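Undergrad: 3D model of this:
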Amino acid sequence: MFYWMLKWVFVGPLLKVIFRPYAEGTDNVPEEGAAILASNHLSYSDWLFMPLAIPRRVTFVAKAEYFNPPGLKGWLQRRFFKGAGQVPIDRSGGSASARAISTGLRVLGSGELFGIYPEGTRSPDGRLYRGKTGVARMALDAKVPVIPVAVHHTDTIAPPGRIFGRYARPGVRFGRPLDFSRYEGMEGDRFVLRSITDEIMYAIMELSGQEYVDMYANRAKEVAQAEAKAAAAAAKAEAREAAAAAKAAEAAEKAAAERSAAEQASAERAAAERAGAGWAPVAAPRGVATAGAAGSGDDIGGAGGDGAGRMVGGQPMSATAVGEQAMGIGPLDGGPEFEARAVALPGEPESDSESGPGLSRDGSTAADGLAAVGLGEGPVAVPAPQGEAGEAPADDRAGRHSNDDERQANAS
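TA: Numbers count the residues shown, from 1 in each chain. The predicted structure follows:
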């Protein structure tokens, strides 16, 4: 009585108003007599919409856990499932399929319709999976026809793992009854059972339009779970590697900053010590200067000599020429004057002549037209001369000018 109240008064009319389910091929279901309704299984809501399409009662098997909860809630749940045409089976210990077959045979023996899902569980991805042979054994034992059934769009309404999805109009299609009386007496032949089951699944596939997968649905779920677990582990490992790389980069950046700070602090300490000892910092970047007489060294390639010359910046310097290059450090931007030291370049002869390339052993002369190259790459410290910063001592300047005068007189 409760089944009919749910179907025609409480649940059925509400579902029809809300979802407006459609049905096709209902005339393939006999008005009386036992038959097996073998359906695809997309959602837990399949057993609600399929019985609504036909006037007869349909009994399904359901796991016993639905009938065992304690308390008032459990009592109400048991009454609901029993009243809705569900028969419990205990899946713990022994063969659950054997108990399901036994339950189905009892229902069929009463001349009723028995609903079964040959896949054994809901499809994990909407495809049709390999059927289990219990439906074939039951059909041969009970000597009843099998009616293939396909439900549509129930997985949209209630997807696997969710109570509700989104709205869709579900449908049920009933195929022509399949008669397997030709296999009578061959219930124990597993090849016959497999052939019958495959024939049933093919009929369901034609009604549903699903892609067929020659794998059991529960195995497909295990594979999907393993792949999901492996993907999660890989993502976790990748996240750990990214975190480790970020940490290493941060440590390297911190170490570089610490080194830079230490070098700057060391340079500042050295500068402070030199300033306290009477040393003055002079900028001497690597560059080109003129080693020439005082006042004539602004031009690159000017007159060579050991007299007071000028860097390109125009400040006085004293440079010693070597070979075709003279390496010198001189004051820039108002720094103090000082004398540079140089070492002869490999392969260049030494000469006492003022006009030839080279440097006299006493460092007194240098060739004409030679360039002086700054020796340092950054700020260096040199002794401050005895005199006013930025110019040579008076006696040194005078001596250099007299030497220049002598050389100019001899040349004339």
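Undergrad: do a quick rundown of the strands in the stretch 151-300 of the chain.
TA: 171-174, 212-213, 279-283, 288-290 (DSSP state E, counting those that start in this stretch).
Undergrad: let me know the secondary structure of Ala62.
TA: Under DSSP: H, G, I helix; E, B strand; the rest coil, Ala62 falls in the strand class.
Undergrad: report pLDDT for the residue lying closest to it once chain neighbours are set aside.
TA: Nearest residue to Ala62, sequence neighbours excluded (CB to CB, 6 or more residues apart in numbering): Gln86, at 4.1 Å. Heads up, the C-betas are built off the backbone N, CA and C, glycines and all. Gln86 is assigned a pLDDT of 83 by the prediction.
Undergrad: any idea what Gln86 is bridged to?
TA: Phe60 (DSSP bridges).
Undergrad: can you get me a residue count around it?
TA: For Gln86, the count of nearby residues is 20 (other CB atoms under 10 Å).
Undergrad: give the full set of residues in contact with it.
TA: Residues in contact with Gln86 (CB atoms under 8 Å, 6 or more residues apart in numbering) are Trp47, Thr59, Phe60, Val61, Ala62, Tyr66.
Undergrad: and which of those is nearest to Gly134?
TA: Proximity of the contacts of Gln86 to Gly134 (CB to CB) peaks at Val61, which lies at 10.2 Å.
Undergrad: surely that closest one is in contact with Ala100?
TA: Yes. At 5.0 Å, Val61 counts as touching Ala100 under the criterion of CB atoms under 8 Å.
Undergrad: what residues are shared contacts of these two?
TA: With CB under 8 Å, 6+ apart as the test, Val61 and Ala100 both reach Ile89, Ile116.
Undergrad: that's a helix at Ser43, yeah?
TA: No. In this structure, Ser43 is coil, not part of a helix, as judged by three-state DSSP.
Undergrad: quick one: secondary structure of Glu32?
TA: The three-state assignment at Glu32 reads coil, by three-state DSSP.
Undergrad: next one, pLDDT for Pro336 please.
TA: Reported pLDDT for Pro336: 42.
Undergrad: residues of stretch 63-78 that come out buried?
TA: Phe67, Arg78 (16 or more other CB atoms under 10 Å).
Undergrad: same check, this time on stretch 18-35
TA: Phe19, Pro21, Ala23, Gly25, Asn28, Val29, Ala34, Ala35.
Undergrad: closest to Gly188 out of these?
TA: Ala34 (22.1 Å).
Undergrad: find the nearest non-adjacent residue to the closest one, please.
TA: Distance criterion CB to CB, 6+ apart; nearest residue to Ala34, sequence neighbours excluded, is Leu108 at 4.3 Å.
Undergrad: neighbours of that neighbour, how many?
TA: The number of residues packed near Leu108 is 22, by other CB under 10 Å.
Undergrad: what about it, which helix or strand?
TA: Counting by DSSP states H and E, the element that carries Leu108 is helix 96-109.
Undergrad: and the contacts of the helix or strand following that helix?
TA: Using DSSP H and E, the next helix or strand after helix 96-109 towards the C-terminus is strand 113-116. If you take CB under 8 Å, 6+ apart as the criterion, strand 113-116 is touched by 29, 34-39, 47, 50-51, 56-61, 100, 104, 107-108, 134-135, 138, 149.
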